[in-house]
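Asker: Dropping the sequence and predicted coords here.
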Amino acid sequence: MEPDASGLDPEDWTALRALGHRMVDDMVDHLAGVRQRPVWQPMPPGLRAELAKKLPRAPSEPEAVYAQFRRLIEPYATGNTHPRFMGWVHGGGNPVGMLAELLAGGLNANLGGRDHAPIEVERQVIRWAAEMLGLPPKTSGLLVTGTSIANLIAVLVARTAALGADVRRDGLGGSRLVAYASVAAHGCVSRAMDMAGLGTNALRLIACDGEGRMVPSALAEAVARDRDAGAMPFMVVGTAGSVDIGAIDDLAGLARFCRAQDLWLHVDAAFGAMAALSPRLRPLLAGIEQADSIAFDFHKWAQVPYDCGCILVRDPAAQLAAFAAPAAYLRRENRGLAGGHPWPCDLGPDLSRGFRALKVWMTLLVYGADRLGAIVEQCCGLARALADRVDAEPSLERLAPVALNIVCFRFAAAEGDLDALNVAIVADLQEAGIAAPSTTTLGGRLAIRAAIVNHRTRIEDIEALVAAVIQVGNARARA
């Protein structure tokens, strides 16, 4: 029997429409009822085995496949839509963004290039992002998977700015480029140096002060030492919202230093960038508007569904110099569908790119920047409330200052290995579906790390987390 090659559209659009309406209704119910469900639950081995099937050669009915989704996948997701998910700085998403994903999927637009409305939407989002952070209107940029790739793009742009466009053809040669970031910088900065061919040893990690910020004198000494040794300093990576405790480097001081030293200033503001939308918190980011490039995520504090990161570059010519690569089969024209240059593929590594911009555009238009800023401020207020609650509880110990929205603490009312005890407490809370904090290590001590990012989180969720940590901690300490 010959395979069916009649196309993929259904013979009966009415049945597909009905299924689509059911899917939308079910997912709206899923979000509306998120508070009543466990934060997370492990996927049973039997269900994992059901997913491990060979490549399907024959078709299945859409209704049957959707039933598998409801049974095998939906109940066992990450849990970051839940108000008591407080691990790994995951945003909670939003209902309008969910619907935007449906619209984007229907258009199936490739935003690598050419002249069409979806690319204009992305350009508008980049203009809004530049306005939010105080960069010039001419700022260029892209929406990417996340800050990890945005940081890689920044390293490549800074590398090309330092060595000239010939580096793309000839490679680094004997150039000894070195960059600088604090010891609190996210690991993706080191990975970016690796993937850019510079090597992780070319990233100098600078000490932090007691508030988790890069020490300026240590940075100056490292740059001078490298220059004396014949290396070529080219880039400083400031952090706006460190991954462990949410600290923000002195960005204005870094900007002054980089101007004086002729260094590229990049800011990794993965989640901290959205503090710019809060009038009360915006001063914490003073100096970010002087950066040469900024990386951040819309899918964190802006509550846009995954995935959507952003890279902004102050000088569009520098971004073009790092990535533009004309090809005959991608010829740009002055009119027709092949117009609209420069294309997004001239600004980054991807030629095939989805319509991420639509969910950002719709989120900003529907909710407004002020409301998103209020959510950022609310999260920071809840973090302060959690810190106060921890400080007032004799069985708990706070392990770091609270700069923004992250509180690091531990259960300390026990003898023996407190690190192992707190690891067990976190796993118990996760497996019980009560809350999902994460862990980190600060000063050689393991901490329970609660990152308040979700727009659904309320004070009762903070109280529930504290009560559960104490209850589980006491039970394990007595066992």
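Answerer: Received, thanks.

Asker: List the buried residues for stretch 378-398?
Answerer: 378-380, 382-383, 385-387, 389-390, 393, 395-398 (16 or more other C-beta atoms under 10 Å). For the C-beta atoms, the positions are set from N, CA and C on the backbone; glycine is no exception.

Asker: These in helices, which ones?
Answerer: Among the buried residues of stretch 378-398, DSSP state H puts 378-380, 382-383, 385-387, 389-390 in helices.

Asker: Can I get these in CSV including pLDDT and distance to residue 152?
Answerer: As requested, these are exported to CSV (pLDDT from 0 to 100; distance: C-beta to C-beta, whole Å):
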residue, pLDDT, distance to residue 152
378, 98, 32
379, 98, 28
380, 98, 29
382, 98, 33
383, 98, 30
385, 98, 37
386, 98, 34
387, 98, 34
389, 98, 39
390, 98, 36
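
Asker: Just send those residues back as CSV, with distance to residue 63 too.
Answerer: Listed next are those as CSV, based on distance: C-beta to C-beta, whole Å:
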residue, distance to residue 63
378, 41
379, 40
380, 45
382, 42
383, 44
385, 46
386, 44
387, 49
389, 48
390, 49
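
Asker: ok, back up a step: and the furthest pair within the buried residues of stretch 378-398?
Answerer: Comparing every pair within these by C-beta to C-beta identifies 378 and 395 as the most remote, at 27.3 Å.

Asker: Okay, now the unreliable bits of the chain?
Answerer: 1 (pLDDT under 70).

Asker: at 90 what do you get?
Answerer: For the chain, residues meeting the criterion pLDDT under 90 lie at 1-6, 326-330, 479.

Asker: Show me the domain layout of it.
Answerer: Using automatic domain parsing, the domain ranges for the chain come out as 14-80, 102-367, 370-478.

Asker: how about those domains, which one is nearest residue 92?
Answerer: With C-beta to C-beta as the yardstick, what comes closest out of these is domain 370-478 (3.8 Å).

Asker: what's the spacing between that closest one and its chain's center?
Answerer: 21 Å (C-alpha atoms, centre = their mean, to the nearest Å).

Asker: Do a quick rundown of the strands in the stretch 301-450 of the chain.
Answerer: 309-313, 396-398, 406-411, 436-442, 445-451 (DSSP state E, counting those that start in this stretch).

Asker: Kindly reformat those strands as a markdown table and extend each row with distance to residue 460.
Answerer: Formatted as a markdown table, the strands of the stretch 301-450 of the chain follow (distance: least, C-beta to C-beta, whole Å):
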| stretch | distance to residue 460 |
| --- | --- |
| strand 309-313 | 32 |
| strand 396-398 | 18 |
| strand 406-411 | 16 |
| strand 436-442 | 16 |
| strand 445-451 | 14 |
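
Asker: wouldn't residue 347 be in contact with residue 317 here?
Answerer: No - Residue 347 lies out of contact with residue 317 (C-beta atoms under 8 Å); the separation is 11.0 Å.

Asker: In terms of neighbours, single out the busier of the two.
Answerer: Comparing residue 347 with residue 317 by neighbour count (other C-beta atoms under 10 Å), the higher total belongs to residue 347, at 22 against 12.

Asker: residue contacts, the more buried one?
Answerer: When contacts are counted by C-beta atoms under 8 Å, 6 or more residues apart in numbering, residue 347 touches 140-142, 313, 319-320, 323-324.

Asker: how about a cut-off of 6 Å?
Answerer: Residue 347 is in contact with 140, 142, 319, 323, counting by C-beta atoms under 6 Å, 6 or more residues apart in numbering.

Asker: Look up how far residue 102 lies from it.
Answerer: 27 Å (C-beta to C-beta, to the nearest Å).

Asker: now residue 177
Answerer: The gap separating residue 177 from residue 102 is 44 Å, by C-beta to C-beta.

Asker: Who has more neighbours out of the two?
Answerer: residue 177 (23 against 14).

Asker: who's in contact with the more buried one?
Answerer: 198, 232, 234.

Asker: how does it look with 8 Å?
Answerer: The neighbourhood of residue 177, defined by C-beta under 8 Å, 6+ apart, consists of 159, 162-163, 198, 202, 231-235.

Asker: Residue 236 now?
Answerer: 179-181, 219, 254, 257-258, 263-266.

Asker: mind running it again at 7 Å?
Answerer: 180, 219, 254, 258, 263, 265 (C-beta atoms under 7 Å, 6 or more residues apart in numbering).

Asker: Quick check on the closest residue to the fifth one other than its chain neighbours: phi, psi?
Answerer: By that I understand residue 263. The shortest distance from residue 263 to any non-neighbouring residue, by C-beta to C-beta, 6 or more residues apart in numbering, is to residue 236 (5.3 Å). Backbone torsions of residue 236, given as degrees, to the nearest 10, read phi -120, psi 130.

Asker: which residues pair with residue 236 across the strands?
Answerer: Going by DSSP bridges, residue 236 is paired in beta bridges with residue 180, residue 265.

Asker: List the buried residues of the helix or strand encompassing residue 127.
Answerer: Per DSSP states H and E: residue 127 is located in helix 117-133. For helix 117-133, burial by neighbour count (16+ other C-beta under 10 Å) applies to 118-119, 121-123, 125-126, 129-130, 132-133.

Asker: Who are the contact partners of residue 213?
Answerer: So residue 213 contacts 247-250 (C-beta under 7 Å, 6+ apart).

Asker: who wins for proximity to residue 57 among the strands of the stretch 301-450 of the chain?
Answerer: Among the strands of the stretch 301-450 of the chain, the nearest to residue 57 by C-beta to C-beta is strand 309-313 (36.7 Å).

Asker: just the angle between the closest one and helix 117-133, please?
Answerer: Angle of strand 309-313 versus helix 117-133, following axes from the mean of the first three to the mean of the last three C-alpha atoms, to 10 degrees, is 70 degrees.
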